[in-house]
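Participant: Output the structure for:
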Amino acid sequence: MRILVTGKQGQIARSLAALASEELSVTTLGRPDLDITDADSITRSIEGARPDILVNPAAYTAVDKAESEAQAAFAVNRDGARNAAAAAAAAGLPVIHVSTDYVFAGDKPAPYVETDATGPTGIYGGSKLEGEQAVAAANAAHVILRTAWVYSPYGHNFLKTMLRLAGERDTVRVVADQFGAPTYAPDIAEGILVVARAALAEPQAETWRGVFHMTAAGETTWAGFAEAIFAESGARGGPSARVEPITTAEYPTPARRPANSRLDHSKFRTTFNHALPNWRGRVRQCVAELTMHHASEIR
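Facilitator: Prediction:
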C-alpha cells in the first residue's frame, strides 16, 4: 500500500512515517513541496508519489491565534481540505481527512456521536467544520476522522508542554472542568491504516465512507492528564510537579474551549473492528519514548 500524507512535520504525519515498511510506502510532504492551499502542488505531489490513497492531517491548529487570523485558518482548514480532496478525486483516489472535536459546542452532557448537531464556538472549529463539508462535496470516496487531545513524542503538544513546565516550576495550574480522551498520535496513525486498508479492499463499498470518531478509550480532564504525565515522568526520574486544579474561568483564552470533548467511537469500532487503546497506558509509553529517544524535544 502506498499512501501520501500532507503536513510532513505534524504529529500524525510523523507517526505514519514511522510505520513505513516493505509492505507500506509512506510519503510525507509539506511546504514548500506540498502546500494544500495550492491545488497545483497537491496534483504534482500525487503524480510524483503515485499513492493508492491520500491522507490529509495538515491543518491550521493555533486555536487562539485563529481568532485574529480567520483568513489564514480558513485558507488551510477549509480551502486546503477541499483542494486535497478534489485532487485525490481527480486522480481516482480516496481521501482520509483528519478533523476535530472542536466542530461541536462542547455543551452536551454525554460523549458526542457522529450524527449530533455541530456548533463550533470559534474560528478554528468553524474552519474545520467547513473543511469537513468541503471534503465531502469534493470527493465521494472520503473518510473524515474526528479526534481530540492529540499528543506524541513529536512536535508541540500538551504532554511535552507539561514536562517542560515541570522542569521550571514545582506547581502547575491546569484546567479541571474540561473532559476528553488524550489520544496518542501513533494510535491515530494505526487507525488510519486500518481505514485505508478497508477503503482499498472494497473501493465501491459505502460502509467505510463518511464521518467517524476515533479517540482513545477512557476519559479524564486536562488536570487528570497532567497528573498522569507527572506520575509517569517522576517514576522514571524525570521532571514532575504538583497539579493545582483550576476552572476554565480562571484560565481565560481568546478562543473558547469545549467543556466536553468526549467523542463516542462506537461507530468506528463496529465498522472497522478496531479500537484505540486506553489513554493511560499510552501516556506511559509516550513518556518512556521521550525519555529514551526524544529528550531533546522537550522544550
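Participant: Report how many residues lie close to residue 254.
Facilitator: 12 (other Cβ atoms under 10 Å). Just so you know, the C-beta spots here come from the backbone N, C-alpha and C atoms, and that holds for glycine as well.
Participant: quick one, strands of the protein?
Facilitator: 2-6, 25-29, 53-56, 95-100, 142-147, 150-151, 171-175, 179-180, 183-184, 210-213, 220-221, 242-246 (DSSP state E).
Participant: What strands line up against the third one, and which way round?
Facilitator: Looking at strand 53-56 with DSSP bridges, its partner strands are strand 2-6 (parallel), strand 95-100 (parallel).
Participant: How about the last one?
Facilitator: Each strand paired with strand 242-246, and its direction, by DSSP bridges: strand 171-175 (parallel).
Participant: Give me the contact list for the partner strand.
Facilitator: By Cβ atoms under 8 Å, 6 or more residues apart in numbering, the residues outside strand 171-175 that reach it are 162, 165-166, 221-223, 225-226, 241-248, 250-251, 257.
Participant: follow-up on the earlier one: relative to residue 70, which of the strands of the chain is closest?
Facilitator: Closest approach to residue 70 among those (Cβ to Cβ): strand 95-100, 16.4 Å.
Participant: Next, the angle from that closest one to strand 142-147.
Facilitator: Angle of strand 95-100 versus strand 142-147, following axes from the mean of the first three to the mean of the last three Cα atoms, to 10 degrees, is 30 degrees.
Participant: one step back: turn the strands of the chain into TSV, columns for mean pLDDT and distance to residue 44.
Facilitator: Below are the strands of the chain laid out as TSV (pLDDT from 0 to 100; distance: least, Cβ to Cβ, whole Å):
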stretch	mean pLDDT	distance to residue 44
strand 2-6	98	11
strand 25-29	96	10
strand 53-56	98	13
strand 95-100	98	17
strand 142-147	98	21
strand 150-151	98	28
strand 171-175	98	43
strand 179-180	98	38
strand 183-184	98	32
strand 210-213	98	29
strand 220-221	98	43
strand 242-246	98	48
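Participant: so which of those gets nearest residue 270?
Facilitator: Proximity to residue 270 (Cβ to Cβ) singles out strand 210-213 among the strands of the chain, at 10.0 Å.
Participant: Tell me the gap between that closest one and the middle of its chain.
Facilitator: Distance of strand 210-213 from the chain centroid (Cα atoms, centre = their mean, to the nearest Å) equals 13 Å.
Participant: For that strand, which helices and strands make contact with it?
Facilitator: Strand 210-213 sits against strand 142-147, helix 266-272, with contacts defined as 3 or more Cβ pairs under 8 Å, 6 or more residues apart in numbering; DSSP states H and E.
Participant: which one of the ones you listed lies closest to residue 114?
Facilitator: helix 266-272 (5.8 Å).
Participant: Now tell me what touches the closest one from outside.
Facilitator: 113-114, 145, 191, 194-195, 198, 207-208, 212-214, 274-275.
Participant: what comes up buried for it?
Facilitator: Counting neighbours by 16 or more other Cβ atoms under 10 Å, one finds that the buried residues in helix 266-272 are 267, 268, 269, 271, 272.
Participant: Closest one of the residues you listed to residue 152?
Facilitator: residue 268 (19.6 Å).
Participant: how close does that closest one sit to residue 194?
Facilitator: Separation of residue 268 from residue 194 (Cβ to Cβ, to the nearest Å): 9 Å.
Participant: shared neighbours, those two?
Facilitator: Here residue 268 and residue 194 have residue 274 as joint contacts, going by Cβ under 8 Å, 6+ apart.
Participant: Can you read off the pLDDT for the residue in the chain sticking out farthest from the centre?
Facilitator: Distance from the C-alpha centroid of the chain peaks at residue 170, with 30.0 Å (Cα atoms, centre = their mean). At residue 170, the model reports a pLDDT of 96.
Participant: list the contacts for the closest residue to it other than its chain neighbours?
Facilitator: Once flanking residues are discounted, residue 170 sits nearest to residue 241: 5.8 Å by Cβ to Cβ, 6 or more residues apart in numbering. Residue 241 is in contact with 162, 165, 166, 169, 170, 171, 172, 230, counting by Cβ under 8 Å, 6+ apart.
Participant: In these, find the pair that's most separated.
Facilitator: Greatest spatial distance among the contacts of residue 241 (Cβ to Cβ): 162 and 170, at 13.4 Å.
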